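Trainee: Provided below are the primary sequence and the corresponding predicted coordinates.
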Protein chains: 2
Amino acid sequence: MMQLPRPRIGQPIAELSTPLPLVDEDRLAANIARVQDYMDDHGLAFRPHIKTHKIPAIAAEQVKAGAKGINCQKITEAEVFADAGFEDLLITFNILGPEKLKRLVPLNARISGLKVVADSETTIRGLSAAFAAERPLSVLVECDTGGGRCGVQSPEAAIALAETIAAAPGLTFGGILTYPKANSEEAVEAFFATTREGLATRGLPCPIVSNGGTPSLFSAHKVPSATEHRAGTYVYNDRAMARAGHCSLDDCAMSILATVVSRPTEDCAILDAGSKALTSDLLGFSDYGLIVEYPDAIISGLSEEHGTVDLSKVQGRRPEIGEKVRIIPNHTCVVSNLFDLMTFHRDGIVTRVEDVAARGLVW
Amino acid sequence: MMQLPRPRIGQPIAELSTPLPLVDEDRLAANIARVQDYMDDHGLAFRPHIKTHKIPAIAAEQVKAGAKGINCQKITEAEVFADAGFEDLLITFNILGPEKLKRLVPLNARISGLKVVADSETTIRGLSAAFAAERPLSVLVECDTGGGRCGVQSPEAAIALAETIAAAPGLTFGGILTYPKANSEEAVEAFFATTREGLATRGLPCPIVSNGGTPSLFSAHKVPSATEHRAGTYVYNDRAMARAGHCSLDDCAMSILATVVSRPTEDCAILDAGSKALTSDLLGFSDYGLIVEYPDAIISGLSEEHGTVDLSKVQGRRPEIGEKVRIIPNHTCVVSNLFDLMTFHRDGIVTRVEDVAARGLVW
């Protein structure tokens, strides 16, 4: 693999070659502290999702601040974090197929707190067959409380699946979990409360009741049945989270440093950041990120290596060829997946460079 | 970096763990032959763009079929292909900044046919300063013939910039180039013809006149002033190229193997292919790819690791949990950038596995 030069500690970010993702240390620390304080104030356990950063050193900061464990989306991500010493790992994905199941067994053998989810009997059968003669695996039931992705559709179905897990060789029932729609705390609480009652009636202990999401994170206390909350994006924040009201643009820790490589016309600038640096995620926006130095400029289109910027609304000075700008991305998590290194800075001076150790791990 | 197991030669693709991008060998070979034959028939030199595959072994097949050289978008991509023995490399990007210019000098020293582009005096000044005391670098003028990305805006501006290059220490004028809008052959020819005449009048030889693009590639002969054509996507093809009329869906060599991991409702399936496998590129479509086995299913939404499929229009049998499907992506080039390995097959049996050697190289 071709290695790009690593930025050096103490180097001004203005000197660095582009495109390059940057994380502001002070904003990162403030985001971690702010959300952990909120969870502590409300007696909620907190489980950060590592998808946003994919970096063990940041997960360590989250745990040091008080997080109870971490959330991964894939087995191989969990392996990276197990290698880094984390023990309480929840993989929120239906794991199917012999290659993946075979890989899950040794992972469960070497860390104390591995947990996965299931939303069907098919997934449970596969897990049970793989773990019947092994150290038991903890499985949570994933519930669709309105998010419209994975999950059983009713408390009754959740209870039935919990009983199936509890009865399956090699598995223990670990609790219930949802990835909800934003601002749907009432629906989540109704689903969770009914499910908990039904489980209690049947004498099935439900150790974890896990809610999630960054956009309406500061309403997590409106789901009193939950024992923990999971969130990823809060750690860096992005333009979509600012629009959702979770944070301000000044709380966005990640930006992408880019260079103006062409000024073909008076109203157009071309950046060296395209979909390979920003991704095509719109998340409801009609443009591809916010240029910090030129907030009235519009990143109107991306090709793989070019960002096309409409300057027609920019009053006064306009960017020159060779000038560097910083972009707050629409969606920060997907940017992390595009780069092998993340460069951190404080007040524009590089503080450290971390490998994005769990980048690109698709299963 | 976490290594996933490599598929083995001779293994049926139905056995492979997902998500996994696949390339059909026969379709790949036919795409290469079909386009090279067209170029040969019309006496046009052909320069494949490696952005689509990022794999030296495929570029070697393209050159073996008759391509004159290759096209890269970034210096570090060109380094990968120079390491693999390619000599005629065109980098179609304005290269700016000391780190990149410093890296370009040894690359130009070690291969015989390096060429870059410029569309401004700023870019030319930087290149000239870096190469004044070195082996001269060939620089083409990038022209905006209606594509609306980089490029000078008129033949007069192209001629002026050509003269600037020809007069700059360390640089030689290599020709003119455009990345056009699809189906704009008349405008491209007008721009090129006028520029060539003006250059001839001034006694400036113009060795390369380079047109590009896959969507209207089979109209490349309508630009008689061009000496060469560049194209990337044709090698794999994708849903967008089929819609543009360049190929049929049966000419799409790349598909993404995915597994149905959940069937939360009668009308919904969840795949383990999300934006980390397919990207969010819509390219004018309202959904995120075509499921070969269920063409009436609609991939209506993606999160990072989940694809949400609307089955409401699917008549008859619907996919089950654990079933594998193949997806033709909207845009093939960006999928190549997400995976470290590419798996090739013939009639569903793995033929080889290649490293995507130039993946993720952003500068």
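Mentor: Nice, thanks for sending it over.

Trainee: Only C-alpha atoms from now on, for both contacts and neighbour counts.
Mentor: Noted.

Trainee: From what I see, A:S216 and A:A242 are in contact.
Mentor: No: counting by C-alpha atoms under 8 Å, A:S216 stays clear of A:A242, with 11.3 Å between them.

Trainee: residues near the residue lying closest to A:R125 once chain neighbours are set aside, how many?
Mentor: Using C-alpha to C-alpha, 6 or more residues apart in numbering or on different chains and skipping residues adjacent in sequence, the residue nearest A:R125 is A:A168, 7.8 Å away. Other residues near A:A168 number 18, with proximity taken as other C-alpha atoms under 10 Å in any protein chain shown.

Trainee: The one 4 residues further on too?
Mentor: By the criterion of other C-alpha under 10 Å, A:T172 has 20 neighbours.

Trainee: which residues sit in contact with it?
Mentor: Residues in contact with A:T172 (C-alpha atoms under 8 Å, 6 or more residues apart in numbering or on different chains) are A:136-139, A:165-166.

Trainee: And the pLDDT for A:P5?
Mentor: Taken from the predicted model, the pLDDT recorded for A:P5 is 85.

Trainee: distance of it from A:L16?
Mentor: Between A:P5 and A:L16 the computed distance is 10 Å (C-alpha to C-alpha, to the nearest Å).

Trainee: what residue ranges in chain A score low on pLDDT?
Mentor: Chain A contains residues with pLDDT under 70 at A:1-2.

Trainee: pull the longest strand from it.
Mentor: Looking across chain A with DSSP state E, the single longest strand is strand A:254-265.

Trainee: Tell me which residues are up against it.
Mentor: Among residues not part of strand A:254-265, those counted as contacts by C-alpha under 8 Å, 6+ apart are A:18-24, A:236-238, A:269-273, A:277-278, A:319-329, A:332, B:94-96, B:119-120, B:149-153.

Trainee: Can you give the strand pairings for that strand, parallel or anti for each?
Mentor: In its sheet, strand A:254-265 lies beside strand A:20-24 (antiparallel), strand A:268-271 (antiparallel), strand A:324-328 (antiparallel), with partners assigned from DSSP bridges.

Trainee: what about these, which gets the closest to A:T194?
Mentor: Evaluated over the strands paired with strand A:254-265, closeness to A:T194 peaks at strand A:324-328, with 41.0 Å, by C-alpha to C-alpha.

Trainee: what about stretch A:43-60, distance to the chain center?
Mentor: The gap between the average C-alpha position of stretch A:43-60 and the chain average comes to 8 Å, counting by C-alpha atoms, centre = their mean, to the nearest Å.

Trainee: nope, stretch A:165-173 is what I meant
Mentor: Its chain's average C-alpha position is 29 Å from that of stretch A:165-173, according to C-alpha atoms, centre = their mean.

Trainee: measure it end to end?
Mentor: The separation between the terminal residues of stretch A:165-173, taken as C-alpha to C-alpha, is 6 Å.

Trainee: Tell me how many other residues surround A:A78.
Mentor: Applying other C-alpha under 10 Å, we find 26 residues neighbouring A:A78.

Trainee: buried ones in stretch A:17-26?
Mentor: Of the residues in stretch A:17-26, A:17-25 count as buried by neighbour count, 16 or more other C-alpha atoms under 10 Å in any protein chain shown.

Trainee: My error: substitute stretch A:27-39 in the last question.
Mentor: Using 16+ other C-alpha under 10 Å as the burial criterion, the residues of stretch A:27-39 that qualify are A:27-29, A:31-33, A:35-36, A:38-39.

Trainee: what's the answer for stretch A:242-258, then?
Mentor: Within stretch A:242-258, the residues that qualify as buried by neighbour count (16+ other C-alpha under 10 Å) are A:242, A:246-247, A:249, A:251-258.

Trainee: Tell me if stretch A:303-320 is near chain B.
Mentor: Yes: when contact is scored as C-alpha under 8 Å from any C-alpha of the partner chain, part of stretch A:303-320 falls within range of chain B: A:304-306, A:308.

Trainee: can you tell me which of the residues you listed are in helices?
Mentor: Under the assignment DSSP state H, these contribute nothing to helices.

Trainee: Using CSV, please lay out the residues you listed together with distance to A:K74.
Mentor: Formatted as CSV, the entries for the residues of stretch A:303-320 next to chain B read as follows, by distance: C-alpha to C-alpha, whole Å:
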residue, distance to A:K74
A:E304, 27
A:E305, 29
A:H306, 31
A:T308, 34
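
Trainee: Residues of the stretch 51-200 of chain A that sit close to chain B?
Mentor: Within the stretch 51-200 of chain A, the residues that sit near chain B (C-alpha under 8 Å from any C-alpha) are A:73, A:76, A:80, A:94-97, A:99-100, A:119-120, A:122, A:149-153.

Trainee: A:A187 against A:C143, yeah?
Mentor: No: assessed by C-alpha under 8 Å, A:A187 is found out of contact with A:C143, at 11.6 Å.

Trainee: Which one's more surrounded, these two?
Mentor: Taking A:A187 and A:C143 together and counting by other C-alpha under 10 Å, A:C143 has the greater number of neighbours (32 against 15).

Trainee: ok, now how distant is that one from A:A118?
Mentor: When A:C143 is compared with A:A118 (using C-alpha to C-alpha), they lie 9 Å apart.

Trainee: Mutual contacts of these two, please.
Mentor: Shared contacts of A:C143 and A:A118 (C-alpha under 8 Å, 6+ apart): A:G151.

Trainee: backbone phi and psi for the closest residue in space to A:F191 that isn't next to it in sequence, please?
Mentor: Computed as C-alpha to C-alpha, 6+ apart, the closest residue to A:F191 that is not its neighbour in sequence is A:P155, at 5.9 Å. A:P155 has phi and psi values of phi -60, psi -40 when expressed as degrees, to the nearest 10.

Trainee: tell me the secondary structure for A:N71?
Mentor: Secondary structure of A:N71, reduced to three states by DSSP: H, G, I helix; E, B strand; the rest coil: strand.

Trainee: In contact with the residue nearest to it when sequence neighbours are not counted, which residues are there?
Mentor: Of all residues not flanking A:N71 in the chain, A:H49 sits nearest, at 4.4 Å (C-alpha to C-alpha, 6+ apart). Contact criterion C-alpha under 8 Å, 6+ apart gives A:70-72, A:230-233 as the residues in contact with A:H49.

Trainee: Quick one, which of these are buried?
Mentor: The neighbour-count test (16+ other C-alpha under 10 Å) applied to the contacts of A:H49 identifies A:70-72, A:230-233 as buried.

Trainee: Nearest to B:Q315 among the residues of stretch A:303-320 next to chain B?
Mentor: Using C-alpha to C-alpha, A:E304 is the member of the residues of stretch A:303-320 next to chain B that sits closest to B:Q315, with 37.1 Å.

Trainee: Nice, that's everything, thank you.
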